[in-house]
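A.B. asks: What follows is a predicted protein model with its sequence.
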Amino acid sequence: MFNRSIPTYLRSVLPGVLLGGMLIGFGSSDELRAQVLSGDQAVYADGAAKIPLTDEFQFGLHMHTQGGGVTLRKGNYKGAFRIAWLGADLVILKHPKEIKISNPIYENGRPYVYGKQNAFQMLRLWRGHQRLRSEKLRKDAVRLSTHWRYGFTLGILKPVYLEIGYPDIPFDYIATEVYDANAHFSDNIYGQASWSNGLDQLGIVPGLHMSYAFDFEYGNERFQQRTLGAGIACDAFLTPPEIFAAGFEQNQRLFVTLFATFELGRNWTR
């Protein structure tokens, strides 16, 4: 009699015991729902519901193996894993053989590059395509993507101006003149003139641009971006930009550089 009553008794009290244990250990169903984080809540600081992004804008510094400058770009999302870009870079490019020297007699003279005919800058206007390779899966993680660019490069040549001493050392007076390889030598060059000289005498050399890079975007804010990039760039011109005067270093048409960028930006939904 006693043994037969045990199963009946357990059947009557077991559901209540189990339910009570669940309520004590885990709380109510509302509390359970409050403890479950969505994917966006786990990734982003504000935890708000997100909708797909449509636009992005970034600007920053561009450093490369022969100079540096600035970069900016505007992108449109083409689905979850691709962005189409329009962008521009303005960078200074130095010839690999540029070496600055000074007048040994006059220490106040600014250093100059002997034989340099023109300062050279590049304005790149490009299109690009970026593909997401690895999404951020938690706060403070890194999003990895690759992108390639192609477009036009406008090489900008600005004549070099020097301060020239007359008549001979010791100089009686200093004149600012555009560099002339046939008239200006190390014994009559006092130093480099102000960079603003020659801005009204710019020359243009057209060319093409192509580059490939990796982007590392980090942070825990979805709409504010900090991006580090690294890659390789190629700029080819129709004619060799005349950086050095004839008879000095050889000028070249093709420039291949390694570069790194640091950019800040925002993205949003229209």
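C.D. replies: Thanks, I have it. Bear in mind that the values here come from a model prediction, so they are computed numbers and not experimental data. Numbers count the residues shown, from 1 in each chain.
A.B. asks: Kindly check the end-to-end length of stretch 164-177 for me.
C.D. replies: Taking C-alpha to C-alpha, to the nearest Å, the span from the opening residue of stretch 164-177 to its closing residue is 7 Å.
A.B. asks: Give me the average confidence score over that stretch.
C.D. replies: Along stretch 164-177, the predicted local confidence has a mean pLDDT of 94.
A.B. asks: Stretch 187-206 now?
C.D. replies: Mean pLDDT, taken over the full extent of stretch 187-206, equals 96.
A.B. asks: go on, stretch 120-140?
C.D. replies: Stretch 120-140 shows an average pLDDT of 85 in the prediction.
A.B. asks: export it as CSV, just CAs?
C.D. replies: What follows is stretch 120-140, C-alpha atoms only, in CSV (Å, rounded to 0.1, in the frame of the first residue of the first chain):
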residue,chain,number,x,y,z
PHE,A,120,55.4,67.7,-57.6
GLN,A,121,52.0,67.0,-56.2
MET,A,122,49.3,64.5,-57.4
LEU,A,123,45.5,65.0,-57.4
ARG,A,124,43.8,61.6,-57.7
LEU,A,125,40.2,61.3,-58.7
TRP,A,126,39.0,57.7,-58.4
ARG,A,127,36.3,55.2,-58.1
GLY,A,128,36.5,52.2,-55.8
HIS,A,129,34.9,49.0,-54.6
GLN,A,130,35.2,47.7,-51.1
ARG,A,131,34.3,44.2,-50.0
LEU,A,132,33.7,43.2,-46.4
ARG,A,133,35.8,40.2,-45.3
SER,A,134,35.1,40.0,-41.6
GLU,A,135,32.4,41.7,-39.6
LYS,A,136,32.7,43.0,-36.1
LEU,A,137,31.1,40.4,-33.8
ARG,A,138,31.5,42.2,-30.5
LYS,A,139,32.3,45.6,-29.0
ASP,A,140,35.8,47.0,-29.7
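A.B. asks: Identify each buried residue in it, please.
C.D. replies: Within stretch 120-140, the residues that count as buried by 16 or more other C-beta atoms under 10 Å are 120-124, 126, 128, 130, 132, 136. Every residue, glycine included, has its C-beta placed from N, CA and C.
A.B. asks: for stretch 224-243, same thing?
C.D. replies: The neighbour-count criterion (16+ other C-beta under 10 Å) identifies 225, 227, 229, 231, 233-235, 237, 241-243 as the buried residues of stretch 224-243.
A.B. asks: Kindly report the same for stretch 258-270.
C.D. replies: Using 16+ other C-beta under 10 Å as the test for burial, stretch 258-270 gives 259, 261, 263, 265, 267.
A.B. asks: Select from those every entry located in strands.
C.D. replies: Judged by DSSP state E, the buried residues of stretch 258-270 include 259, 261, 263, 265, 267 as members of strands.
A.B. asks: Redo those as a markdown table? Include pLDDT and distance to Asn220.
C.D. replies: Rendered in a markdown table, the data for those read as follows (pLDDT from 0 to 100; distance: C-beta to C-beta, whole Å):
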| residue | pLDDT | distance to Asn220 |
| --- | --- | --- |
| Phe259 | 98 | 27 |
| Thr261 | 98 | 21 |
| Glu263 | 97 | 17 |
| Gly265 | 92 | 15 |
| Asn267 | 85 | 14 |
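A.B. asks: Same list (those residues) but as TSV, adding distance to Ile101.
C.D. replies: Compiled in TSV, these are given as follows (distance: C-beta to C-beta, whole Å):
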residue	distance to Ile101
Phe259	28
Thr261	32
Glu263	36
Gly265	41
Asn267	48
